[in-house]
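>>> Need a 3D model of the sequence below.
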Amino acid sequence: MSEAVSSTPSKAGKRWLNIATRILVAVLMVLAAVGFILSIAGVVGVWYVRAPARSAVTDVAATATHALQIVDNGLTRVNEPVQKARQIIAEVNDAAAQLGLRIQANSPVVTRLSQLVDNQLAPRIQNAGATASGIHDAVVTVNTALVALNRFTGATVPALNNAVGVVSQRAQEAQAAVQDMRVTLANMKAGLVTKAEGAVTNITARIDAALARIQAIVNKYQAQVRSTLARITTTSNTILFLIDVAIVSLTLLFLIFATGLVLLIYVCWRYVRTGRFPSLRVANA
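As a prediction, the model looks like this:
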């Protein structure tokens, strides 16, 4: 009699334990199902953000590339009038060699010098300075785009320096020297200048020195611009590749996780239905 009474509570306890275990397994199954849904959502999400991420990199690189091309073309346009201006300075010096100590007001040599300075030398220097100032906005655009591009992992493209501003300063120095040349030529016509050749060549030396510095800066800066252009292309391609690698890696990770959760859901479901976990043994043939 006592054995029957003791066995009844034991069976009841096992029954409640089995029910509690099934409830816990069912909760685990629900959590696994939620995890599976989140894994699938993760796969969809990473591929959803892929296009905007690539587009952002492409747009920034395109903006920087376009601005760099503007800077490169502008520097070429600066160099051309500067080179021509230096050739005109040589003509001015040749004409100055024909001057005597004192110049007549109607001297054809002075007239020729005035024409060279006013009609050919001054406009080209002014054009070079205006072009240099005009590409300043493009340099600002490049540096702004580089800040955005460098935020991505592994991007270390240096910003452009203020060489364009230095070119403008040198152009202003050359323009000031041109104005001094005009004053000197006017004084020659008034008979106020002695040693006319030296007076002209001293000023042309100042102009040529400023133009030579402009050319040196332009050549060096243009090399930097083209190097930056190449680095932007390489960097943007690298970032796009890393984005694709990250997307594929995350996709595989989510799929592996989802596959494991499906297996866990199956095992839990079998236990909830039968009270036993399925055997994972491989039957021998």
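>>> any weak-confidence spans in the protein?
1-13, 100-106, 152-155, 277, 279-285 (pLDDT under 70).
>>> Now do the helices in it.
Secondary structure of the chain (DSSP state H): helices at 2-96, 108-115, 122-134, 136-149, 163-189, 196-274.
>>> who wins for proximity to Thr156 among those?
Of all the helices of the chain, it is helix 196-274 that lies closest to Thr156, at 7.9 Å by CB to CB. Where you see a C-beta, it was placed from the backbone N, CA and C, and this is true even at glycine.
>>> for that closest one, packing partners?
helix 2-96, helix 122-134, helix 136-149, helix 163-189 (3 or more CB pairs under 8 Å, 6 or more residues apart in numbering; DSSP states H and E).
>>> let's see it at 6 Å
Packed against helix 196-274 by the contact rule (3 or more CB pairs under 6 Å, 6 or more residues apart in numbering; DSSP states H and E) you find helix 2-96, helix 163-189.
>>> Most tightly packed of those helices?
Mean neighbour count (mean count of other CB atoms under 10 Å) peaks for helix 163-189 among those, with a mean of 19.
>>> ok and that helix relative to helix 196-274, angle-wise?
Angle of helix 163-189 versus helix 196-274, following axes from the mean of the first three to the mean of the last three CA atoms, to 10 degrees, is 170 degrees.
>>> other SSEs contacting helix 163-189?
Using 3+ CB pairs under 6 Å, 6+ apart, the elements in contact with helix 163-189 are helix 108-115, helix 122-134, helix 196-274.
>>> Format the CA atom coordinates belonging to the shortest one as PDB.
C-alpha atoms of helix 108-115 as PDB (Å, rounded to 0.1, in the frame of the first residue of the first chain):
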ATOM      1  CA  PRO A 108      59.700 104.400 -81.800                       C
ATOM      2  CA  VAL A 109      61.500 102.100 -79.400                       C
ATOM      3  CA  VAL A 110      59.500 103.400 -76.400                       C
ATOM      4  CA  THR A 111      56.300 103.200 -78.400                       C
ATOM      5  CA  ARG A 112      57.100  99.600 -79.200                       C
ATOM      6  CA  LEU A 113      57.800  98.900 -75.500                       C
ATOM      7  CA  SER A 114      54.500 100.400 -74.500                       C
ATOM      8  CA  GLN A 115      52.700  98.300 -77.000                       C
END
